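[1] using only what follows, build the 3D model:
(2 chains)
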There are 2 protein chains.
Amino acid sequence: MNNILIDGEWRPALDPAGSFRAVDPADGTELSDLYPISGFSDIEEALRAAHRDVPELAETRPEVLAEFLEGFAAGIEARTEELVETAHLETALPQEPRLRSVELPRTTFQLRQAAAAARDRSWCRATIDTKVDIRSKYGPLGGPVAVFGPNNFPFAYNSAAGTDSASAIAAGNPVIAKAHPGHPGTTRIFAEIAHNIGARCGLPPATFQMVFHLEPESGYKFVAHPFLGASTFTGSRPAGLRLKEAADRAGKPIYIETSSVNPIFILPGALAERRDKIADEIFNSCTVGAGQFCTKPGLIMLIQDRDGNGEAFFEALRQSFERTPAAILVARSVLDGIRIALEMMTKAGAEIVAGGHAVEARGFRHENTLLRVSGDVFLKNPKELQQEAFGPVSLCVFARDPLQMLDIASALEGNLTGSVYGHTAGHDDEIYEKIAAILRFKVGRFLNDKVPTGVTVSASMVHGGPYPAAGHPGFTAVGFPAAMLRFAALHGYDHVRHNRLPPELQDKNPTGKMWRLIDGEWTRRDV
Amino acid sequence: MNNILIDGEWRPALDPAGSFRAVDPADGTELSDLYPISGFSDIEEALRAAHRDVPELAETRPEVLAEFLEGFAAGIEARTEELVETAHLETALPQEPRLRSVELPRTTFQLRQAAAAARDRSWCRATIDTKVDIRSKYGPLGGPVAVFGPNNFPFAYNSAAGTDSASAIAAGNPVIAKAHPGHPGTTRIFAEIAHNIGARCGLPPATFQMVFHLEPESGYKFVAHPFLGASTFTGSRPAGLRLKEAADRAGKPIYIETSSVNPIFILPGALAERRDKIADEIFNSCTVGAGQFCTKPGLIMLIQDRDGNGEAFFEALRQSFERTPAAILVARSVLDGIRIALEMMTKAGAEIVAGGHAVEARGFRHENTLLRVSGDVFLKNPKELQQEAFGPVSLCVFARDPLQMLDIASALEGNLTGSVYGHTAGHDDEIYEKIAAILRFKVGRFLNDKVPTGVTVSASMVHGGPYPAAGHPGFTAVGFPAAMLRFAALHGYDHVRHNRLPPELQDKNPTGKMWRLIDGEWTRRDV
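    Down below sits the predicted model:
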């Protein structure tokens, strides 16, 4: 049985509630390594150790945190082949280009972006009002961050090496990673790298800890524990909402990212102008990574038009869905989820026009599946018809007219993204304005003429949104330094003696380059 | 029966669940005006109207919002005497200096600060990454903000005119104010002013709405309603936690500010140096406004020392508590709360050494009350002994030694503020460092050698803190522009056509002076 990483030591789970093996999605067989399902005693020990190390980590110079994050990135690069092979075995995601050339470089880029943000220090938004001698900045939470990672990104959202973990540590918080049971071997390699680099950088031993799996009850206690700072969960909505309830009751911040159907509105002028191009783009966005992205377009809105462009677009899309072979999904649970979602959607009146079945073959495969429904029917069952079907499944909604398209927009829940395709010369602008006025408040990232998959890691990125897409609409899970603010408390210093202030709030700019808001002006100067 | 303000009209409550009168705390008699307790139909109508007006308000130029807020401030000044008399009648707070010369100017100052922040636009933290054409900023929530105000600040935290309402409107959100039933007449005047100015500025009719009172069940439905953006509640912990539970379950942001004991640690060197001065400061801070401040020091930590400075300090404090006559409290519920808190604290081992009783006289009065307890006993019942006793009640804790003082700090819950008094020449620095390392993560605003009452309205102010002092540690309820971020969603714009971007994100700086983060640099220049 594999060891877990607690307080700087790899050691057996104390009181495991059971054990598990990862499964190769390509043939459904169990892999050989055995991993423990930790009892709560492991979590308690991790929390105690992290609690002990909070003050030391908070006093650690950001340059050391940056060295850790950069060392982590370099360590990942040094073990690329092992990571790619292990992740491929555990998730069946293609080695090329996906794992080796896309997701792994994204992961190391994120770690280096987090390092740069830590080093730069501007993320903490130091605010100094000299006349009243009151100063403030964002600082660490005072407790570790629990990271529950998803199944679909074994690298970039990995609980150990992904964006949540990188953000939390860059902001000065210890991390306790809970591996996704779909890729424990991948997570173990990341944890080994983090452990080695952490020791080399002289970070306190509980800066980074990792367990492989937990029973649900232990998860609820974990996210509500008095020693905890905050938690993040990326995964299924029912599991996320149960964790959220436990955390909310204890007053502990939790950031969930549990589902999104990422509506795309395609306006008549856009179809008249570039129907086939848009159909290609959308098909690719719906099926890349076998549709296993949180930004996959699950809902495509069209208007039933007289010139037939809507139907022609739909037919092009349908053919693409039908002729493209089924890719392997990361887990059996994705197959199960699709089955349940298709049952719900068809029961609510949607019609399957391409695919619709699991593939009877080795491994977890499902046909690329396209459904359609009229706007009338959608508006009768808006709840059922906007449930996320995680995987290569999308639903086209045909509105009767532009007015009904607005009603459909109004019936949407909170989403990570929302896109509108319009005529490039503005022929759709009248309806665009009306849709945008509604959709703007329903999504985190609003796009024009562009699919939502492919989340750029940049300072302006918003990967979040109104509930239920995320737990709080004011944060983003991607993009530095903004993603770090999820793991920060606002710290005021009132009349605190100058030599006792954190360096970021002392008169002298600690790096000479850090941005601070001094008496209402953003500046790099000293006070 | 008084009318409520819904959708731009003063009209009777539709289906009132009852009625109430305000009470004059100076003699316990009911005042003459009768106010409705709204049924949920009033709230539903308010929510529907606000939902309708969200897009128009979001498109309203910030200059118009600023004119509204400034007009509101001027309108308040024009009705100063009426406001001061009404608030005095309803709360018994002194007209001078408190209401007329302190709280009213603070209220108009806040409104003007909010106006300046709206006009300036920098609050929205526009972030532009030119290379990838992704832009983001904070924007309105897409739903109204419900404001539940407290009993202790009839002006500055009033649900209609206080900091929450000003922040929400400055950020472009409609407000639905729920008056505190302790001062409905005061709130009605504010609502009249807001209504008149709103109409004059041409704001949509549901920008500002007001009801006087609700049954608890209506409150739970209110904060969880799909049309709602967010809510704020300032008041008692049980009521706040029930609202929070309802809002959390619906995934609606709620900002609660429900209790804080604002610990003050007084180190031996400080006592040796300036014992009496500190005793004076702390006595004043404990009893100003009859202790009815959320930042009142409820816990004072001392070390049992050989030279007797701790006891001498305590005796000076005790005498001040004893010799100062009882002030009138704002409501009978404050008296009730004190009785319950004193029962709990004495049962948990604290000893009343000054005061302890309600005053048998006309009106709601309670003796200034000081308690003491040993560190040993405190650590046995830390939960009971750090319950807020809202009013002129404070507890001194005598630690056995510096080590025990650290244990006491570790046993504290989240608070709005925490102060440490130390020797000016640094004789206490060793223990200071250790206490600060613990206390920093338990409070929003950390002070040196200063009492926490008197919350400066400045950009760097932090009036918030870890749960249960507030619901999320990353926000402040006081200070512009930061307080506005509670009522903002992070809005990403990915590849959105330039002419469709909000002015704050277009290439040209919309005011020429707004601060924006362009490609990692804070600047006022155009793109």
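
[2] so what's A:Lys277 up against?
    Residues near A:Lys277 by C-beta atoms under 8 Å, 6 or more residues apart in numbering or on different chains: none. Every residue, glycine included, has its C-beta placed from N, CA and C.

[3] try A:Arg440
    A:Arg440 makes contact with A:Phe446, B:Ala58, B:Gly139, B:Gly142, B:His491, according to C-beta under 8 Å, 6+ apart.

[4] three-state assignment of the nearest residue to the third one once chain neighbours are set aside?
    If you skip the residues right next to it in sequence, B:Gly139 has B:His491 as its closest partner in space, 4.3 Å away by C-beta to C-beta, 6 or more residues apart in numbering or on different chains. With DSSP: H, G, I helix; E, B strand; the rest coil as the basis, the three-state label of B:His491 is strand.

[5] coming back round to it: which one of the contacts of A:Arg440 is nearest to A:Ala87?
    Comparing these against A:Ala87 with C-beta to C-beta places A:Phe446 closest, at 32.3 Å.

[6] strands paired with the host helix or strand of that closest one, and their directions?
    Assigned by DSSP states H and E, A:Phe446 belongs to strand A:443-448. Its sheet considered, strand A:443-448 pairs with strand A:415-421 (parallel), strand B:489-494 (parallel) by DSSP bridges.

[7] how about residues contacting it?
    With contact meaning C-beta under 8 Å, 6+ apart, strand A:443-448 is reached by A:263, A:414-422, A:436, A:439-440, A:452, A:461-466, A:469-470, A:473, A:476, B:489-497, B:500.

[8] cool, stretch A:41-50 as well?
    Residues contacting stretch A:41-50 (C-beta under 8 Å, 6+ apart): A:4, A:6-8, A:13-15, A:143-144, A:174, A:176, A:205-206, A:209, A:211, A:214, A:218, A:221-222, A:225, A:227-228.

[9] how far out from the middle of the chain is that stretch?
    Distance, stretch centre to chain centre, for stretch A:41-50: 25 Å (C-alpha atoms, centre = their mean, to the nearest Å).

[10] ditto for stretch A:196-205
    Centroid separation for stretch A:196-205 versus its chain: 27 Å, with C-alpha atoms, centre = their mean.

[11] go through it and flag the buried ones.
    Under the neighbour-count criterion of 16 or more other C-beta atoms under 10 Å in any protein chain shown, stretch A:196-205 has A:Ile197, A:Gly198, A:Cys201, A:Leu203, A:Pro204, A:Pro205 buried.

[12] ok, now stretch A:222-240?
    Counting neighbours by 16+ other C-beta under 10 Å, stretch A:222-240 gives A:222-225, A:227-237, A:240 as buried.

[13] for the most far-flung residue of chain A relative to its centre, give me its contacts.
    In terms of distance from the mean C-alpha position of chain A, A:Lys131 ranks first, at 41.8 Å (C-alpha atoms, centre = their mean). Going by C-beta under 8 Å, 6+ apart, A:Lys131 touches A:Asp519.

[14] ditto for the one 3 residues further on
    Residues in contact with A:Ile134, defined by C-beta under 8 Å, 6+ apart, are A:Gly492, A:Tyr493, A:Asp494, A:His495, B:Thr456, B:Ser458, B:Ser460, B:Met461.

[15] wait, the third one sits on B:Thr453?
    No - if you go by C-beta atoms under 8 Å, A:Asp494 and B:Thr453 don't touch, sitting 11.4 Å apart.

[16] who has more neighbours, those two?
    Between A:Asp494 and B:Thr453, counted using other C-beta atoms under 10 Å in any protein chain shown, the more crowded position is A:Asp494 (24 against 20).

[17] A:Pro62: neighbouring residues, count only.
    Counted with other C-beta under 10 Å, residues neighbouring A:Pro62 total 23.

[18] roughly how far does the residue nearest to it when sequence neighbours are not counted sit from chain B?
    Closest residue to A:Pro62 apart from its sequence neighbours, by C-beta to C-beta, 6+ apart: A:Ala118 at 4.5 Å. Separation of A:Ala118 from chain B (C-beta to the nearest C-beta, to the nearest Å): 15 Å.

[19] swap in A:Glu430?
    As judged by C-beta to the nearest C-beta, A:Glu430 and chain B stand 13 Å apart.

[20] before we move on, which element is that residue in?
    Counting by DSSP H and E, A:Glu430 is part of helix A:429-439.

[21] keeping just the C-alphas, turn that helix into PDB.
    Below are the C-alpha coordinates for helix A:429-439, written out as PDB (Å, rounded to 0.1, in the frame of the first residue of the first chain):
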ATOM      1  CA  ASP A 429     -26.500  44.100 -33.100                       C
ATOM      2  CA  GLU A 430     -30.100  44.700 -32.100                       C
ATOM      3  CA  ILE A 431     -30.700  41.300 -30.700                       C
ATOM      4  CA  TYR A 432     -27.000  41.100 -29.500                       C
ATOM      5  CA  GLU A 433     -27.500  44.000 -27.200                       C
ATOM      6  CA  LYS A 434     -30.600  42.400 -25.600                       C
ATOM      7  CA  ILE A 435     -29.000  39.000 -25.100                       C
ATOM      8  CA  ALA A 436     -25.700  40.500 -23.800                       C
ATOM      9  CA  ALA A 437     -27.700  42.500 -21.200                       C
ATOM     10  CA  ILE A 438     -29.100  39.300 -19.800                       C
ATOM     11  CA  LEU A 439     -26.200  36.900 -20.300                       C
END
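
[22] okay, and for the stretch 1-150 of chain A, where does confidence drop off?
    By pLDDT under 70, the stretch 1-150 of chain A contains no weakly predicted segment.

[23] for it, what lies in contact range of chain B?
    Counting by C-beta under 8 Å from any C-beta of the partner chain, the stretch 1-150 of chain A comes close to chain B at A:54-55, A:58-59, A:127-129, A:132, A:134-136, A:138-143.

[24] list just the nearest of the buried residues of stretch A:196-205 to chain B.
    Nearest to chain B among the buried residues of stretch A:196-205: A:Pro204, at 13.2 Å, using C-beta to the nearest C-beta.

[25] got phi/psi on the closest residue in space to A:Leu83 that isn't next to it in sequence?
    Spatial nearest neighbour of A:Leu83, chain neighbours left out: A:Ile189 (5.6 Å); criterion: C-beta to C-beta, 6+ apart. Backbone geometry at A:Ile189, expressed as degrees, to the nearest 10, gives phi -60, psi -50.

[26] and A:Ile189, what does it touch?
    Going by C-beta under 8 Å, 6+ apart, A:Ile189 touches A:Arg79, A:Glu82, A:Leu83, A:Thr86.

[27] out of the residues you listed, name the ones that lie in helices.
    Among the contacts of A:Ile189, the members found in helices (DSSP state H) are A:Glu82, A:Leu83, A:Thr86.

[28] how many residues are close by A:Lys442?
    Residues within reach of A:Lys442, counting by other C-beta under 10 Å, total 20.

[29] show me what contacts A:Thr453?
    So A:Thr453 contacts A:Ser285, A:Val288, A:Gly289, A:Phe293, A:Thr295, A:Lys296, A:Pro297 (C-beta under 8 Å, 6+ apart).

[30] surely the last one forms part of a helix?
    Going back to what we said before, that points to A:Pro297. No - looking at A:Pro297 with three-state DSSP, it is coil, so not inside a helix.

[31] buried residues, stretch A:409-424. List them.
    For stretch A:409-424, by 16+ other C-beta under 10 Å, it's A:409, A:411-423.

[32] dump those residues to a markdown table, plus pLDDT and distance to B:Phe68.
    As requested, the buried residues of stretch A:409-424 are exported to a markdown table (pLDDT from 0 to 100; distance: C-beta to C-beta, whole Å):
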| residue | pLDDT | distance to B:Phe68 |
| --- | --- | --- |
| A:Ala409 | 98 | 29 |
| A:Ala411 | 98 | 32 |
| A:Leu412 | 98 | 31 |
| A:Glu413 | 97 | 32 |
| A:Gly414 | 97 | 29 |
| A:Asn415 | 98 | 32 |
| A:Leu416 | 98 | 33 |
| A:Thr417 | 98 | 33 |
| A:Gly418 | 98 | 30 |
| A:Ser419 | 98 | 34 |
| A:Val420 | 98 | 31 |
| A:Tyr421 | 98 | 37 |
| A:Gly422 | 98 | 34 |
| A:His423 | 98 | 37 |
